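> Sequence and predicted structure, then a few things I'm wondering about:
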Amino acid sequence: QQPVQSPQAVILREGEDAVINCSSSKALYSVHWYRQKHGEAPVFLMILLKGGEQKGHDKISASFNEKKQQSSLYLTASQLSYSGTYFCGSYRGIDRGSTLGRLYFGRGTQLTVWP
Amino acid sequence: DAGITQSPRYKITETGRQVTLMCHQTWSHSYMFWYRQDLGHGLRLIYYSAAADITDKGEVPDGYVVSRSKTENFPLTLESATRSQTSVYFCASSAGQGAHQPQHFGDGTRLSIL
């Protein structure tokens, strides 16, 4: 049910780029991205609502391929502050047996940036 | 601007005891959520609510009870705590359904059950 994230972990040097992928076996209406630093709460980064839509947040951007049911998060010229665990959340409407729509979160990708 | 607050931040209790985790938000968001976070599992939804007196089960609701008599509060109760419920619990809120609205998380409650 939950989307699959890859890779599970990434280690980078400051200034390097990274891509985190999120794929779903079911049709998606939207994809959310969150970042969680160690010992803290997840923090919202962005929502992608339309197929092919790309959004940006500082040097972090994302794309959403509705046809492939995939989203990718792009971290450009990584900074130390980018370290943390990144979660994607997929929204696909109201499930059978439920009355409310909800997000399904992936298991997360741990990103470590070294100086 | 308090936002969303959870209490307590840390709790240690014993198996079989009842424990209630509190969540309060000041944004008047209609949707509220309870997640648990365990290593290797990410964020798993326990219960959620679209408004006062409207709640639905998530993927791991067994052993938990929620209520929502007021829009701003969404307490989570473990009726008879078990060791498997040791976890970090996050409350979140959003202005609408998940397709269009971001979720805003509280700082979490770290619960240990001995």
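Received, thanks.
> CA only for contacts and neighbour counts going forward, please
Will do.
> what are the ranges of the strands in the chain?
Let's take chain A. Taking DSSP state E as the test, the strands found in chain A are A:4-6, A:9-13, A:18-23, A:30-36, A:43-48, A:54-57, A:60-65, A:70-75, A:84-91, A:103-105, A:109-114.
> That was the other one, I meant chain B.
Counting by DSSP E, the strands of chain B are B:4-7, B:10-13, B:19-25, B:31-38, B:42-51, B:54-57, B:64-66, B:76-78, B:87-94, B:104-105, B:109-113.
> Dump those strands to JSON lines, plus distance to A:Gln1.
Listed next are the strands of chain B as JSON lines, based on distance: least, CA to CA, whole Å:
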{"stretch": "strand B:4-7", "distance to A:Gln1": "28"}
{"stretch": "strand B:10-13", "distance to A:Gln1": "31"}
{"stretch": "strand B:19-25", "distance to A:Gln1": "27"}
{"stretch": "strand B:31-38", "distance to A:Gln1": "16"}
{"stretch": "strand B:42-51", "distance to A:Gln1": "11"}
{"stretch": "strand B:54-57", "distance to A:Gln1": "15"}
{"stretch": "strand B:64-66", "distance to A:Gln1": "21"}
{"stretch": "strand B:76-78", "distance to A:Gln1": "24"}
{"stretch": "strand B:87-94", "distance to A:Gln1": "20"}
{"stretch": "strand B:104-105", "distance to A:Gln1": "22"}
{"stretch": "strand B:109-113", "distance to A:Gln1": "26"}
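> which one of those lies closest to A:Ser23?
Among the strands of chain B, the nearest to A:Ser23 by CA to CA is strand B:42-51 (15.4 Å).
> right, is the closest one up against chain A?
Yes: with CA under 8 Å from any CA of the partner chain as the criterion, chain A is reached by strand B:42-51 at B:42-44, B:50.
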